[in-house]
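**Student:** Coordinates only, no sequence provided:
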C-alpha cells in the first residue's frame, strides 16, 4: 500500500500533499504504468486521513491525466513518456538593467521631450475626474477603433488646429505609431512595396522590415523625398514626414506635395502615409497644412502620436483613414481589439476637450524655442565663424549643425564620445552611400539639460579646431 | 497690385488673412506661375498694413512653398500642378454606433466577464496611490519589455499560483494578446507554419491569417489537439489552450502534454504557444499546472491576459519567453516600444503585489461557480432527462450543452435567435467538416444576466421538444 508521511507536508492542504506524493511516484515509475491504485476507502484508512482527502487527491490526478479510471474497477496509473519533464524550479535572478548612459554628460541623439515641463498635476486631476465620473463604466469594452469620445476630441482638434476635416469614425486609436504601422501593412498589403525616406528615422524602415515587406529607400533633395526617384521606383506606398523631416528638418513645399499626390493618384493601390510626428512644434508663423487636408482622392493616411507631445510613457497614437480604406479596415481588421485602455482614452479626451492639451503645446512651443535659440546662440558664439553652419527651418525638435572639418563623421562621433558627448551625424541615418551629406551633426535638443550646453559646444569647438 | 479686403477677415490675424488671399490667388492662377509679387514695402503701403504683416504672410507662403525667393530680386509665385487640391472642408457626421444587440434578451456567445463584481473602488484607490507615489515619474519612458515592477509582480504571481519559475526578464508586456501574437509571428518567423486547434477560438486563426502566415487546422480528440495529426502535419508552431480549451472545455491530460512536448523537442524550430487565458477559473481542486512548468527544453511560450480577469477595457497581456528566444527577441524586436502606458503598468503591479488581484480571482471563481451551478441546475430541471447533456470539466467560463434533436445546428441557432436568445454551436467553431460534433451548444455564462436564464432555458427546451 502507498505510504506517505502526511505530517511532513508543511503548510499545504493534506490532499495537495497526497496528490504531490502520488504524482511524483507515477513520474518516477515507483507506481508502474497501468498499476491499480488502492481504493479511496483503503488508502484513507491506511494513511489515517478522510476519504474526502483521498477523493480530492485522486480527482486532481485524474483532471491532470496522471491516473485514469475504469468503471467499477477503480483508478490506474497512466503510462507516461520518459520522466525528465519536471521543470527546474529554481528562481532566477533579475538581470534587467536600464541601458547604461553614464559615459555621457549630454545626449544630442535622444529625441526625448522635456517631461519636467509637463503639467502633471493637471493630468492627474483629469485622471481623478475620469475615475469619479465614469467609475465602473471604465470596465466596459470600448469599440475596437477606440473610445468615441477620444476620436471626437481628436477630430475637433484636427479641425481647429490642423484645418483637417475628419469624421471621428475615420480616426483609429492604437498603442503607439509602431503598432499602427503594423496595422497599416496588414491593411494595405504585405505584397505591396513600401518606400521610406533616405536619410530618415531608422525605426520606420526597421518596422517595415520586421513586418517582412519589401522596403525601398528613396533619396531626398532639398524639397524632401525625390518624386523623380519615387516615380522610377516600384513602390506602392510612401511613408513621409512632410511637416518636418527627420533628421534633415526639411519642410516639404507645396509643389513637391502635389507631385507626390499626383504620383499616388496615378494608380489605385498607391497611398501616402503622412507621419506628422512633431508638426506641433513650429516656431514661426502658423502650422504647415497637412497633405491630408489637400488630398481630394483619399490617398493620404494621416498618423500622429501623443508620445511626443505629452510623454513617451503615454502610449496613444492615432491614424486617420480615408473613407475608401475605412470599409476595408472594418471588414478585414475590425476584429482587432483596441490596444489602449478605456481609462487612458477618456483621460486624454478630457485633457484635449478642456483645452489643456492646446495650452501645453503652446507652452512647450515657447519652451523649445527658448532652448533652441539658446543652443544656436551658444554655437554661434563658441564655434568660430565659418566652421559651423546651422541648417534649420524654425520647426521641430532638432536641427542640423554643419561643420567645416576634414574629420570623418565616425571620428567626430568618437571624439565627442570620449569627451562625454553623445552625437550622431546625418550619414548615420543614410541607407545608400550616395545620399550621404558629410559633417552634418544632428542636434536633438528637446531632452537635453541646458546647463551642460555651453560646456558641450566648447568641447565640440575644440574637437573640430 | 494685389488688392484684398483686409476688413472682411473676421477673427483671424491680418497676416493669416493676407496669406490665405495670396495662396488662393496662386492656386486659382490669378497670380501666374513665376509672376513677381509686389515688394513687401509696396504691398504694405497699398493695403495700409505694416511691413511686418506682409513679411509674415510672405514667410508663411515661402515655408509652404507657394512662393520662392531670388536673391535681390524678390518673391515669385511657384508653378503648381493643376488646382484641384483644396480639400472639401465639410464636417461629416458621426456614424459610429455600437453593434446592435437589441434583438436578443440573453447572449450565450459573448465570453465577456461580470464587470459589476469587480472591486472598482480598490482599483481606483490603487490608481490614486500610483498618481501620488510616482507623480511625474510616470512620464518617463519605460523599458520596451514593460515596467520592471509589473514584470516582477507577474513573475511572483506565476511562481506562487501557477508553480512557474520565471525571471522577470522573460516576461514581455503588451497591449493585448492579439498584439503579442503579432510579435510572436515576427519572432518565430513568417516562413513558419502555424497550427491551431479545430474546433477553436476563431480569432486566433484570423490573426495568423491577417499576419499572412500559413495556418493549419488540427483536429481534436477527447484529450485535446491530436498529436498524431500534428505529427503528420508540416506545422512548426502549435497554438493551444491546454488548461481549458475553447469551446470544448477539454483539459489536456499530462500524457498528451508530454506527446506535444516530444513533438516540439524533435526539431529545433518547433515551439508551443500555451494560451492560458482562463486558467484562473478552475472550480475544484488546485489549478492545472502549465505546460511551461514541465518544459525543460525552452519549447513553451506562455501567454496570458488581464482582460479576462480584470476587465476587457484593461489592455494588458504578457508572454513568458524561454531563454533561447529571449536573446533573439531583444536583438530583432527589442526596438519596439512597449504598448502599455507606465501608469497602467504601475497600477496593475500594485494591484497584484497588494494581493487585490488574488482576492478578486478567488471571489470571481466563487461567483462564476454559483452562476454555472445555477444554469446547470436550470438546464437539468427544465429540459427533459436525456434531451440535454452537460459536458464540462469544472473549469473556465463556458461549457457545452449537448442536445438530443434532429434539428440542424443552423436551425437551433435560428430558432433561438427569433426567440431572442443568442447561442452558437460547436460546429460554428470548426474549420474542417469532419471535425464537427452536432447539436453541441456552447454556453458562455460569465457575462449573462442570471435573471433571464430560466426563461432562456425554458425557450430552448420548447425549441428542441
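**Tutor:** On my side now, so go ahead. Given the structure is predicted, the values throughout are model-derived calculations rather than measurements.

**Student:** Mind splitting chain A into its structural domains?
**Tutor:** The record's domain parsing of chain A by automatic domain parsing lists A:6-85, A:106-118+A:362-464, A:135-359.

**Student:** and among the ones you listed, the most buried is which?
**Tutor:** Highest mean neighbour count among these (mean count of other C-beta atoms under 10 Å in any protein chain shown): domain A:135-359, with a mean of 21. For the C-beta atoms, the positions are set from N, CA and C on the backbone; glycine is no exception.

**Student:** hmm, back to that, now the domains of chain A as CSV including mean pLDDT and distance to residue B:324?
**Tutor:** Shown next, in CSV, are the domains of chain A (pLDDT from 0 to 100; distance: least, C-beta to C-beta, whole Å):
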stretch, mean pLDDT, distance to residue B:324
domain A:6-85, 86, 17
domain A:106-118+A:362-464, 87, 32
domain A:135-359, 93, 19
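
**Student:** okay if I get those domains as TSV plus distance to chain B?
**Tutor:** Below are these laid out as TSV (distance: least, C-beta to the nearest C-beta, whole Å):
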stretch	distance to chain B
domain A:6-85	2
domain A:106-118+A:362-464	4
domain A:135-359	2
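
**Student:** As TSV, those domains with distance to residue B:64 would be great.
**Tutor:** Listed next are the domains of chain A as TSV, based on distance: least, C-beta to C-beta, whole Å:
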stretch	distance to residue B:64
domain A:6-85	67
domain A:106-118+A:362-464	11
domain A:135-359	5
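
**Student:** in chain A, which spans are helices?
**Tutor:** A:14-28, A:40-47, A:51-64, A:120-134, A:148-162, A:177-188, A:202-210, A:227-232, A:254-265, A:323-333, A:342-353, A:356-382, A:409-418, A:453-464 (DSSP state H).

**Student:** for the strand ranked longest in chain A, packing partners?
**Tutor:** Ranked by residue count and defined by DSSP state E, the top strand of chain A is strand A:214-221. Here strand A:214-221 touches strand A:193-198, helix A:202-210, helix A:227-232, going by 3 or more C-beta pairs under 8 Å, 6 or more residues apart in numbering or on different chains; DSSP states H and E.

**Student:** Now do it and helix A:254-265, the angle between them.
**Tutor:** 160 degrees (axes from the mean of the first three to the mean of the last three C-alpha atoms, to 10 degrees).

**Student:** Find out how far strand A:214-221 is from the centre of the chain, if you would.
**Tutor:** Between the centre of strand A:214-221 and the centre of its chain there are 23 Å (C-alpha atoms, centre = their mean, to the nearest Å).

**Student:** strands paired with that strand, and their directions?
**Tutor:** strand A:193-198 (parallel), strand A:224-225 (antiparallel) (DSSP bridges).

**Student:** so can I have TSV of the ones you listed showing distance to residue A:176?
**Tutor:** Converted to TSV, the strands paired with strand A:214-221 look like this (distance: least, C-beta to C-beta, whole Å):
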stretch	distance to residue A:176
strand A:193-198	18
strand A:224-225	24
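
**Student:** Which of those strands sits closest to residue A:130?
**Tutor:** Closest to residue A:130 of these is strand A:193-198 (C-beta to C-beta; 37.5 Å).

**Student:** In contact with residue A:305: list those residues for me.
**Tutor:** A:176-177, A:277, A:316-318 (C-beta atoms under 8 Å, 6 or more residues apart in numbering or on different chains).

**Student:** let's go with 6 Å and repeat that
**Tutor:** A:177, A:317 (C-beta atoms under 6 Å, 6 or more residues apart in numbering or on different chains).

**Student:** can you count the residues close to the residue nearest to residue A:124 when sequence neighbours are not counted?
**Tutor:** The shortest distance from residue A:124 to any non-neighbouring residue, by C-beta to C-beta, 6 or more residues apart in numbering or on different chains, is to residue B:131 (4.8 Å). Using other C-beta atoms under 10 Å in any protein chain shown, residue B:131 has 21 other residues around it.

**Student:** Could I get the pLDDT score of residue B:131?
**Tutor:** The per-residue pLDDT reported for residue B:131 equals 88.

**Student:** before we move on, back to that, redo the helices and strands packed on strand A:214-221 as TSV? Include distance to residue B:43.
**Tutor:** Putting the helices and strands packed on strand A:214-221 into TSV (distance: least, C-beta to C-beta, whole Å) gives the following:
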stretch	distance to residue B:43
strand A:193-198	36
helix A:202-210	42
helix A:227-232	32
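
**Student:** which stretch among those comes nearest residue B:53?
**Tutor:** The nearest among the helices and strands packed on strand A:214-221, by C-beta to C-beta, is helix A:227-232 at 33.6 Å.

**Student:** Report all helices and strands that the closest one contacts.
**Tutor:** strand A:214-221, helix A:254-265 (3 or more C-beta pairs under 6 Å, 6 or more residues apart in numbering or on different chains; DSSP states H and E).

**Student:** got those as a markdown table, with distance to residue A:32 columns?
**Tutor:** Formatted as a markdown table, the helices and strands packed on helix A:227-232 follow (distance: least, C-beta to C-beta, whole Å):
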| stretch | distance to residue A:32 |
| --- | --- |
| strand A:214-221 | 59 |
| helix A:254-265 | 72 |
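
**Student:** Residue B:66: which of the ones you listed is closest?
**Tutor:** helix A:254-265 (5.5 Å).

**Student:** Contacts for the closest one, please.
**Tutor:** Contacts of helix A:254-265 (C-beta under 6 Å, 6+ apart): A:223-224, A:227, A:230-231, A:270, A:272, A:291, A:297, A:299, B:64-66, B:78, B:80-81.

**Student:** Distance from it to the middle of the chain?
**Tutor:** The answer for helix A:254-265 is 29 Å, by C-alpha atoms, centre = their mean.

**Student:** From residue B:276, how far off is the closest residue to residue A:163 other than its chain neighbours?
**Tutor:** Excluding the flanking residues, the one nearest residue A:163 by C-beta to C-beta, 6+ apart is residue A:293, at 5.3 Å. Distance, residue A:293 to residue B:276, by C-beta to C-beta, to the nearest Å: 47 Å.

**Student:** cool, and residue A:72?
**Tutor:** 36 Å.

**Student:** Same check on residue A:224?
**Tutor:** Residue A:224 is 49 Å from residue B:276, by C-beta to C-beta.

**Student:** next one: residue A:306
**Tutor:** For residue A:306, the distance to residue B:276 - C-beta to C-beta - is 33 Å.

**Student:** how close does the nearest residue to residue A:428 once chain neighbours are set aside sit to residue A:441?
**Tutor:** Once flanking residues are discounted, residue A:428 sits nearest to residue A:409: 7.1 Å by C-beta to C-beta, 6+ apart. Residue A:409 sits 8 Å away from residue A:441, going by C-beta to C-beta.

**Student:** Can you work out which residues contact both of these two?
**Tutor:** residue A:425.

**Student:** what are the phi and psi values for residue A:146?
**Tutor:** The phi and psi values for residue A:146, taken as degrees, to the nearest 10, are phi 120, psi 170.

**Student:** That one: what's it in contact with?
**Tutor:** A:173, A:338.

**Student:** let's see 10 Å
**Tutor:** A:154, A:168, A:171-174, A:316, A:318, A:338-340, A:342, A:345, A:349, B:96 (C-beta atoms under 10 Å, 6 or more residues apart in numbering or on different chains).
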